[in-house]
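Trainee: Structure for the following, please:
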Amino acid sequence: MDSSLIKQMPVSVEAEQALLGSLIVNPDSFGKIGSMIAEEDFYVTEHKHIYSALLKMYAQSKTIDLVTLVNTLVELGDRDEAGGIQYITLIADSVPSASNIKDYAKIVKDKSTLRKLITITDEISTDAYNEGDVRTLVDSAEQRIFDLSHNNEAREFRHIRDVLQNVYKDIELTSERKGAVDGAKTGFSALDRMLVQMGKGDFVIVGARPGMGKTSFALNIATNVAKNSGKAVCIFSLEMSAEQLVTRIISSEALVDSHSLRTGELRPEDWDNIADVISQLSGCDIYIDDTSAITAAEMKSKLRRVNNLGLVVIDYIGLMQTSGNSDNRAQQVGEISRNLKIMAKDFGIPIVCCAQLNRGTESRPGAGKRPTLADLRDSGSIEQDADIVLFLYRDEYYKDISGAQDDSASADSANTAEVIVAKNRHGSVGNVKMGWIGQFTKFRTLENDHEE
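Mentor: Residues are numbered from 1 along each chain as shown. Got it, this is the predicted structure:
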């Protein structure tokens, strides 16, 4: 062992020895430390080999004592690397008290975390001296430190009595609030009844063909949550600029024709409505990031800086990038989808993500154009990872692109849309009929139209 290196890095040789000695003397102590300690948490090389052998023996339900441990190390060809019989005997004989193993494990884990932090900061310093892209360097630095902190939190079994207490409190709170469970309401009452709202950690997909209104639908939800929950809403817009996005929100909230907003041909009453909406929205915590080709890691880095986060909206998943090198787009989208689900769970908030559908929907006849889970573009992983999948469908959309003439029926359909709940982990599936006001890019609830 190189004592000069030990002085330079945080390490407690005594704690490492006491931890290993406790496991040799009392193998049942493995149950006390669970998944808290990994081989890499030991600093001394000999201790890594000893712990690795002990782990293998424990996993195989082998008897553990000094003799069997040495025999296993011999079989693995690691006896000398583990310090030899004398050193292993010293460890077994010098343990103060095996009952203190959790304390020894905490010391070993803390020292390991400090060493990893030193390594990470050294790497960050080296990257900074190389003068790469500043935004990328900062995001990468935050991500590395966050991962270290996150991975340091050992997850153990929880007894059902403890979980039951938490669930009972949630049920009580839900009852007191008349069903207002933690999570976020879409703001569309008929849809919220079917979904039982968007819960904490839910990954929600909104799928539709281009021009069907998925961005407008997602923005309507974002605005409703921001206005009604008092929580922060973050919108990642990979396709439109922040200004274009806000113009849509103003059109929807002020009920001002979106075309008039773009041309400036506004009536006096339009200006009043716009002023009222701007005043109202200014009091909402809505944050917009219009970075193109952003990754899930970059999103996570930015979201960690937001307080009181209630909802994230992403428009849309097909434009996101990965940090990997795979050329297979389906694999890339699968990785993105998994990362977004993990992100929703880690932050404890719903993430609403728009997704394109395959062109195949347009070639199907009649009612067959209604989308199904098989129509999700690029990857089947989206369907698997999502807790809720919503599809938007409007008959009038297909009449417009086919050039069909309006009649009385189509005039009615021009003002309606269907939200198809194709997947719902927490409730039922079915169709919810919605109002659609195209000139304002706004969806609205039709209270009497709710199909199971």
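
Trainee: quick one: residue 206 from residue 311, how far?
Mentor: As for residue 206, its distance to residue 311 is 13 Å (criterion: C-beta to C-beta, to the nearest Å). Bear in mind the C-beta positions are built from the backbone N, C-alpha and C, glycine included.

Trainee: Find the residues that touch each one of those two.
Mentor: Shared contacts of residue 206 and residue 311, defined by C-beta atoms under 8 Å, 6 or more residues apart in numbering, are found at residue 352.

Trainee: Regarding the protein, what is its longest helix?
Mentor: helix 101-129 (DSSP state H).

Trainee: Counting by contacts, list what the helix or strand following it packs against.
Mentor: Sequence order places helix 134-151 as the next helix or strand after helix 101-129, per DSSP states H and E. If you count contacts as 3 or more C-beta pairs under 8 Å, 6 or more residues apart in numbering; DSSP states H and E, helix 134-151 packs onto helix 101-129, helix 296-303.

Trainee: Would you mark the buried spots in helix 134-151?
Mentor: Neighbour counts over helix 134-151 (16 or more other C-beta atoms under 10 Å) mark 139, 140, 141, 142, 143, 144 as buried.

Trainee: can you put those in a markdown table and add distance to residue 103 and pLDDT?
Mentor: Listed next are these as a markdown table, based on distance: C-beta to C-beta, whole Å; pLDDT from 0 to 100:
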| residue | distance to residue 103 | pLDDT |
| --- | --- | --- |
| 139 | 37 | 74 |
| 140 | 35 | 77 |
| 141 | 32 | 82 |
| 142 | 32 | 78 |
| 143 | 32 | 75 |
| 144 | 29 | 80 |
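
Trainee: Checking residue 428 next. Helix, strand or coil?
Mentor: coil (DSSP: H, G, I helix; E, B strand; the rest coil).

Trainee: domains for this structure, by residue range?
Mentor: Split into domains by automatic domain parsing, the chain comes to 3-114, 115-151, 180-451.

Trainee: Taking helix 134-151 as reference, get the angle to the longest helix of the chain.
Mentor: In terms of direction (axes from the mean of the first three to the mean of the last three C-alpha atoms, to 10 degrees), helix 101-129 departs from helix 134-151 by 170 degrees.

Trainee: Name the residues of helix 101-129 that are buried.
Mentor: By neighbour count on 16+ other C-beta under 10 Å, the buried set for helix 101-129 is 101, 104-105, 107-109, 111-113, 115-117, 124.

Trainee: if we can go back for a sec, export the buried residues of helix 134-151 to CSV and tack on distance to residue 68?
Mentor: CSV is the format used below for those (distance: C-beta to C-beta, whole Å):
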residue, distance to residue 68
139, 49
140, 45
141, 45
142, 46
143, 43
144, 40
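
Trainee: now, which of the residues you listed sits nearest residue 33?
Mentor: Using C-beta to C-beta, residue 144 comes nearest to residue 33 of these, at 25.7 Å.

Trainee: Would you agree the closest one is in contact with residue 121?
Mentor: No. If you go by C-beta atoms under 8 Å, residue 144 and residue 121 don't touch, sitting 9.1 Å apart.

Trainee: any idea how far residue 371 is from residue 20?
Mentor: Taking C-beta to C-beta, one finds residue 20 at 58 Å from residue 371.
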